Structure formats: C-alpha cells, structure tokens
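**Q** could you look at this predicted model? Sequence included:
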Amino acid sequence: MKIRNWTYFLLLGIVLNACVTSKPVVEQAVKAEPEISETKLSEEQEKEFEYLFIEGVKQKKLGKQQNAVSLFSRCLEIDPNSAAAMYELAGMHYANKDLTSASLLLEKAIQINSENKWYKLMYAQILQQRKQYVEAASIFKQLSDLDPDNLEYLYSLAVMYSMGEQYAEAIDAYERLEKKTGLSEQISVAKQQVYVSWGKPEKAFEEIHQLIESDPNEPQYYGLLAELYQSQGDQENALKNYKKILEIDPNNGFVHFSLASYYIENGDKKVAFDHIKKAFASEELDADAKIQYYMMQTADKENAEWTDDQINELLEILHETHPDDNRLYTIFAEHLLSQQKLEEARDYLRKYLETDQSNYIIWQQMLFISNDLLDFESLYTDTKSAIELFPNQPVLYALHAVACIQLDKNQEAIDILTEGEPYLLDNQQMKIQYELYKAEANYKIGKVQEAFKAFDEVVKLDPENYMAMNNYAYYLSIRGENLDKAERMSGRVVQQNPDNPTYLDTYAWVLFKRKDYQLALFYIESAINKGGQDNPVLIEHHGDILFMLGKKEEALKEWKQAQSLGSESTVLDQKILESRFIEEKEGL
C-alpha cells in the first residue's frame, strides 16, 4: 500500500498558477483574433504595426526584454487600442513584478476585447498575487460562465472564494464541480477546510466520513479524521483514529509522526519519542520524510523537542535504515559541528566525499574544519586534491598556501598563489588574502623587499587589516628598519584592538627597539595581563625590557619562566646562563 501523509496540503496558489498559465501566453496572443478597434490605420501603418509586433515577440523569446518593451510600446503609439500589444507589455511587467502597470494594461485590454480568455487569466493571476481574491473570483466566474465545461475555471473559482472568505460561494462552487467529477478526495478535503474556516466543523466531519465510506481501507482518511478531532479538542477520538490506521497498515510510518505530535501535545514525551523512533525505523517510509522531520527539529535548537542524545539516537536509526544514502553523512557532520565536535564532523564529510567528489561545498567545509583544527598536513593534502577537481576556485589556492606556510613550504605557497591569481577576477577580499600570504611566505624565505611590498599592497587595499599591519610592524621592528613606520602602524592596531595580547606585544617590542623602555614595559605588562601570561615569547620580551630598565633579577626570573613554558628562542638559554640581554639575530 502506498504510504502517504494524511495531512493534505492543498497548495492553492500553485494550483491556480498551473491553471492560469496552462498555455504559452505569447503564442496565444499572436494567434488571437484581431481586436475591434476604433483606430483607423493606413495600409503603411498596418504593415509597420505587424512588423513591430512580430519583432517584439521575437525579442521577447530571445530574452531581450528591454528591446521587446520598446517595440510593443511603439505598437501602441501606432494603435493605442491594440489589446494584444497591451497584453504583451502586461506580461513583461508582470514578470518584473510590476503588478500595478500589468494590471492597468490588462484592464484596458479586457475593455477592448472582453472575449479573450488569456487576458482575463493573467489578470486573475495578478489579482490573486495582490490578494484581491474576491475580484479574482469575479474573473473566474466570467470565464466559467463562458466555458461551463472547463473544470479548471470552476476549481479556481472555488479556491478564490475560499481565500476571499466567501465560504458559502466556495462550497457552492466545489459542489458544482463535484457533480461533474463525482466524489473526489481533493474536493472533499478542500470542502472540509472551508467548513473548518467557516466555523462549521460538523460539516467538515461529514466530508471526511463520506471519504471513509467510499474507501474504508484508506489510512489517509482516518488520519484526516484524527487531525480534525484533535483540532476540535477531542483527544480520545483522535487517538482512536490514529490507532485505526495502524490496524489497517501496521507498517505505516507517517502515523507514528502524527502519534508523536499527539503525545507531545498531551505531555507524554517518552511515548512520543518511541513513536518517532518507530517512524525512523520504518522501511516503508522514505528517507526524505525522515530527513525533513530531522531538519524541522534541529532548525531551532532552543525549541526542539528532543535532546542531543535523542537526536543522535534518531540519526543512528536513520543510518541503519538507509545505509546507502550519502546525505546522512552531511547531516551527521552538521549535527556534530553544532556540538563543536570538529574532528568527528570532518570524518563524516570525508565519508561523503568517498561516495561523491563533485560537491564543492562539502570539500570547502571539510578544508575549513582542517584549518580550524590546525591540521595543516591534512589541509595540505586535501587542498591538492580539491584544486585538481575545482581549478577555478581561488579559495582553494589560498587554503593550500596557508598549509604550505605553516609547513615551511614557503616557495610552494608563492607558486600556488601565483597559479590561483587568474581566478581572482574582481574578488577583492580574496586578493587581499593572497597578498598577505605572499608577504608571509616571501619574508620567511628571505625575500624581504618582496614581502614588504606585498604588505604595503595589503594595507593599501584594506586599511583596516590589523593582522597585516601588526605582522608588518613586527618584522620591521625585529630587523630594526623603518621604526617610525612600524610604530605608527602598531600604534593604530593597538588603538583599535586594546585587548589583544599579540598586538600589544608587537607594540611593546617596537617601543623596545626604539629604546622607549618605560612605555614598552607598560604595553608588555598589559599584554600579559590580557591573556598572554602563558606565552613564552611575551614572557621573554618582558624579561628583556626589565633587563634594559636595570631590573636584572626580575628579568632573569622572567627568562626562566619563558624557558619553562617551552620557548623556542635560540638565545634564551644563553641569556639565562650569562644573566644578560642577548639580541636574537634576524638571520635573513
């Protein structure tokens, strides 16, 4: 038995749109009978009009809307009473969401040619979108009166009456339709919804009971009845009909979703979750329905019905039931990311890519996770593979460069950035990143001028790139070059980021190199107090500044503390051994 959701979603707007646009409007306009017009055209004007109209249709089909608008407007200059030209212009205004202009043109076109159904259909569609449902119903009544055998018109009439809260008229239209088609599930459900909106639930029950009598073994009808009872506060009969579905179709997965909602509404979340698990374990219920339920539950974590552990349990059931659906890997990954379980999330994304390497978004997400994890070996290997698959994605070259710089493959970083540059196009932010990474890589391989040139370019393109200015200032300071420029940049960075210990340390070191030891002490102690207390570089700098201020014992204490924190300084051991400041050589 086919499993269906008994909550019948009657998509009125979509149904109506399908009715309205059931034939190509441009083609119909061209084939329409000539309008009765009081405008007397000369033979030359008629030929020009015909040429412009046909050319306008061609331009419209080619997607050259502006050209088409100009041509049809010229048609109206020749014949101000051309309903066909008005209709074509209205269609283009409608496509551009200019409902007012389209509506005015169609009103006039209908006045000129009141028999043309295509004018009225588009006008009704516009009235619907403007939520003028009663006016739209009036148009469909005209169309239905002119063509009584067209059931689409009658159905659309009923829909518009219903949306316009003209309930008696809607029921009348549905019943006339029912006489022509016989008993119909779609019409009965629509009537039920009208009766509920009208405040006549007893009539709504009659409609559903009529459906059940027509097919007592259709579970969907009992689902409709159960939901109707539940909406009326009759929990006992709601539960009775949900259970009736399981009697008819024990493997029906949808009923477990409905029963879960029933028990949640009645405060029994334990039983509700048992039904959700049964729904997820149902082999007759497709993965789409289960994934949709999961997405609804996790879209708003604050108001979710289930805990993270329960969601994990549902995902495990989902995976057991649909082991070959690779979408589940991305769902697992997103769930783990929401819990900050980055490594586990990345594992699932990697599993997805084992089944489908063509999804760029998954690649990018996995690479960003590796970057966040500081797993540069994986980032290096995976970006290589990704670039082969997606060679026109500039972010991949940038991520590979990051991995290269961290792994001391600096020339490779420069080479890969150069390779990626043609794909930057007008991506200004990515260009800034490229220049920044080139600056770092060039500096590390001793190409100092190239590095500083790249830093200058970053600052020029992005005057608020504080990380670039900080690094630039620091490199200048440790080389003892252009200290005025270094102080200006570093001072600006600290002014905008007064609580960043790394930036404060840079400024302190620039001041140290300028021999302003007292002010340097203030900023290095600020850096330590704002989170730098376990950073061996900052602690060693603190000792250096103290030494220059004549506080040798305190300096030695700080140097020993930096040593215990795992400092990689090449001169720290010698400082401690000789109890004196020794400047670390740049070596570039």
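**A** Received, thanks.
**Q** tell me the domain ranges of the chain?
**A** According to automatic domain parsing, the chain comprises the domains 253-325, 464-578.
**Q** highest mean neighbour count out of those domains?
**A** Compared across the domains of the chain, domain 464-578 shows the largest average neighbour count, a mean of 19 (mean count of other Cβ atoms under 10 Å). (Glycine included, C-beta is placed from N, CA and C.)
**Q** show me what contacts residue 237?
**A** 226, 229 (Cβ atoms under 8 Å, 6 or more residues apart in numbering).
**Q** against residue 219, how distant is it?
**A** Applying Cβ to Cβ, to the nearest Å, the value for residue 237 to residue 219 is 16 Å.
**Q** now mean pLDDT and distance to residue 94 too, for the domains of the chain, in CSV please.
**A** Formatted as CSV, these follow (pLDDT from 0 to 100; distance: least, Cβ to Cβ, whole Å):
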stretch, mean pLDDT, distance to residue 94
domain 253-325, 88, 32
domain 464-578, 96, 45
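**Q** now the ones you listed in TSV, with distance to residue 384?
**A** Formatted as TSV, those follow (distance: least, Cβ to Cβ, whole Å):
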stretch	distance to residue 384
domain 253-325	29
domain 464-578	26
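**Q** return the alpha-carbon coordinates of the helix or strand where residue 225 lies using PDB.
**A** Under the criterion of DSSP states H and E, residue 225 resides in helix 219-231. Provided in PDB are the C-alpha atoms of helix 219-231 (Å, rounded to 0.1, in the frame of the first residue of the first chain):
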ATOM      1  CA  PRO A 219      -5.500   5.000   6.000                       C
ATOM      2  CA  GLN A 220      -5.100   8.600   4.900                       C
ATOM      3  CA  TYR A 221      -8.800   9.300   5.500                       C
ATOM      4  CA  TYR A 222      -8.500   8.200   9.100                       C
ATOM      5  CA  GLY A 223      -5.500  10.400   9.500                       C
ATOM      6  CA  LEU A 224      -7.600  13.400   8.300                       C
ATOM      7  CA  LEU A 225     -10.300  12.500  10.700                       C
ATOM      8  CA  ALA A 226      -7.900  12.100  13.600                       C
ATOM      9  CA  GLU A 227      -6.400  15.500  12.900                       C
ATOM     10  CA  LEU A 228      -9.800  17.100  12.700                       C
ATOM     11  CA  TYR A 229     -10.800  15.600  16.000                       C
ATOM     12  CA  GLN A 230      -7.500  16.800  17.500                       C
ATOM     13  CA  SER A 231      -8.100  20.300  16.200                       C
END
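**Q** in it, what's buried?
**A** Neighbour counts over helix 219-231 (16 or more other Cβ atoms under 10 Å) mark 219-230 as buried.
**Q** residue closest to the middle of this structure?
**A** Geometric centre of the chain, nearest residue: residue 361, 11.9 Å, by Cα atoms, centre = their mean.
**Q** any idea how far the helix or strand hosting that one is from the chain center?
**A** If you go by DSSP H and E, residue 361 is part of helix 360-372. Centre-to-centre, helix 360-372 and its host chain are 17 Å apart (Cα atoms, centre = their mean, to the nearest Å).
**Q** what lies in contact with it?
**A** 330, 333, 337, 342, 345-346, 349-350, 352-353, 356-357, 376, 378-379, 382-383, 386, 389-390, 393, 395-396, 399, 402.
**Q** change it to 6 Å
**A** 342, 346, 349, 352-353, 378-379, 382, 386, 390, 399 (Cβ atoms under 6 Å, 6 or more residues apart in numbering).
**Q** biggest separation within those, which pair?
**A** Farthest pair in these (Cβ to Cβ) is 342 and 390. Separation: 22.6 Å.
**Q** so residue 507 makes contact with residue 488?
**A** No: Residue 507 lies out of contact with residue 488 (Cβ atoms under 6 Å); the separation is 10.8 Å.
**Q** how about the longest helix along the chain as CSV, C-alpha atoms only?
**A** In the chain, with assignment by DSSP state H, the single longest helix is helix 43-61. Provided in CSV are the C-alpha atoms of helix 43-61 (Å, rounded to 0.1, in the frame of the first residue of the first chain):
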residue,chain,number,x,y,z
GLU,A,43,-2.0,50.4,-45.0
GLU,A,44,1.5,51.6,-44.2
GLN,A,45,0.7,51.8,-40.5
GLU,A,46,-0.8,48.3,-40.5
LYS,A,47,2.4,46.9,-42.1
GLU,A,48,4.6,48.8,-39.6
PHE,A,49,2.5,47.6,-36.7
GLU,A,50,2.6,44.0,-37.9
TYR,A,51,6.4,44.1,-38.3
LEU,A,52,7.0,45.7,-34.9
PHE,A,53,4.6,43.3,-33.1
ILE,A,54,6.2,40.2,-34.6
GLU,A,55,9.7,41.6,-34.0
GLY,A,56,8.7,42.3,-30.4
VAL,A,57,7.6,38.7,-29.9
LYS,A,58,11.0,37.5,-31.3
GLN,A,59,12.9,39.8,-29.0
LYS,A,60,10.9,38.6,-26.0
LYS,A,61,11.6,34.9,-26.9
